[in-house]
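In: sequence and predicted structure, then a few things I'm wondering about:
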Amino acid sequence: MTTSNDKPDTLYANPLEQVKGFRFDQSVVEVFPDMIKRSVPGYATIISMIGNLAERYARSDSRCFDLGCSLGAATLAMRHRIQAANCDIVAVDNSAAMIERCREVMAADSGEVPVDLMCANLEDVKISNASIVVLNFTLQFIAPEKRDDIIHSIYQGLNPGGILILSEKIEFGDKPHDDLMIELHHNFKRANGYSDLEVAQKRSAIENVLIPESLDSHLKRMQRAGFASSDVWFQCFNFASMIAIK
Ligand code: GEK
């Protein structure tokens, strides 16, 4: 899905009179592969390791869910590594523009695992008979007061031994450390060709749209939901991915 032909993300390259709240609309879909790769440290590694985990945890006659699938990068990673027989992937996103493009991406892919694409709010999707649920940088866009119910219903829908993979932008309780991680992330973006103006305008667009929490809040929430074990398996600056096992 991510190729050198990706359309470059220039959405915030020019000064905007008013920076509106970030939305996953058609203009974002057009540049999404370039945007996410230049903005999220470790994104390619996380996607590739989701494939690795799918090979290890997908079970025969069960389902794998990719919630907030965007253009289906995690879905494709799972699709190409799942060995279990009769295992389906359910990929969900509430942006019609994302799902439409994701449908084209899936059609162009030769993987054999069936993929069911749904344009829906993930809160309305019933999780059942799941061996894997992926929330790859999605929960951060959902109001914090709704997050307990979502993680709890994922727990309920997982089969014993099933896993939740939760990747999130995170914040730190220690202010100097939090400031340092933000600075290092912004340096990463500048090294990937974003200007100071782009970094600043994007930051203001996602304020109040992307709400990060601490690793501790995420791990405690998964524990409260009933997960037997949960911990971080990847972190780069203020981006982390966790695994919770039922
Ligand atoms: C990847 N996982 O490439 N219901 C369904 N989808 C939602 C909801 C919701 N309530 N809220 C947000 N989304 C992908 C990357 S991007 C992360 C995920 C980012 C969707 C939203 O439309 C968008 O496509 C996705 O979650 C977040 O592995 O852009 O930083």
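Out: Cool, the structure landed.
In: quick check, central residue of the protein?
Out: Closest to where the C-alpha atoms of the chain average out (C-alpha atoms, centre = their mean) is residue 136, at 2.0 Å.
In: quick one, what contacts residue 13?
Out: 195, 197-198 (C-beta atoms under 8 Å, 6 or more residues apart in numbering). For glycine as for every other residue, the C-beta is placed from the backbone atoms N, C-alpha and C.
In: which residues touch the residue nearest to residue 186 when sequence neighbours are not counted?
Out: Leaving out its chain neighbours, the residue that sits closest to residue 186 by C-beta to C-beta, 6 or more residues apart in numbering is residue 199, at 5.3 Å. The contact partners of residue 199, by C-beta under 8 Å, 6+ apart, come to 186, 189-190.
In: which SS state does residue 199 fall under?
Out: helix (DSSP: H, G, I helix; E, B strand; the rest coil).
In: now the one 10 residues further on
Out: Remark: residue 209 carries the secondary structure label coil [criterion: three-state DSSP].
In: how about it, phi and psi?
Out: Reported as degrees, to the nearest 10, the phi and psi values for residue 209 are phi -110, psi -50.
In: make sure the residue nearest to the centre of the chain is actually in contact with residue 68.
Out: Yes. In this structure, residue 136 is within contact of residue 68 by C-beta atoms under 8 Å, at 7.1 Å.
In: ok, which residues in this protein are in contact with the ligand?
Out: Counting by C-beta under 6 Å from any ligand atom, the chain comes close to the ligand at 24, 36, 68-70, 73-74, 92-95, 98, 121-123, 136-138, 141-142.
In: the same query, at a cut-off of 5 Å, please.
Out: 24, 68, 70, 73-74, 93-95, 98, 121-122, 136-138, 141 (C-beta under 5 Å from any ligand atom).
In: most surrounded residue in the residues you listed?
Out: residue 74 (29 neighbours; other C-beta atoms under 10 Å).
In: now the strands for this structure?
Out: Ranges of strands in the chain, per DSSP state E, are 63-67, 88-93, 115-119, 130-136, 158-169, 229-236, 239-245.
In: give me the mean pLDDT for the second one.
Out: Going back to what we said before, that points to strand 88-93. For strand 88-93, mean pLDDT rounds to 98.
In: again with the fifth one
Out: Average pLDDT, strand 158-169: 98.
In: run me through the strand neighbours of it, direction for each.
Out: Take DSSP bridges as the rule and strand 158-169 pairs in its sheet with strand 130-136 (parallel), strand 239-245 (antiparallel).
In: and the angle from the last one to strand 229-236?
Out: Per axes from the mean of the first three to the mean of the last three C-alpha atoms, to 10 degrees, the angle that strand 239-245 makes with strand 229-236 is 160 degrees.
In: give me the contact list for strand 239-245.
Out: Against strand 239-245 from outside (C-beta under 8 Å, 6+ apart): 40-42, 46, 49, 53, 136, 161-170, 185, 215, 218-219, 222, 227-235.
In: hmm, back to that, CSV for the strands paired with strand 158-169, including distance to residue 146 and mean pLDDT?
Out: As requested, those are exported to CSV (distance: least, C-beta to C-beta, whole Å; pLDDT from 0 to 100):
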stretch, distance to residue 146, mean pLDDT
strand 130-136, 13, 98
strand 239-245, 18, 98
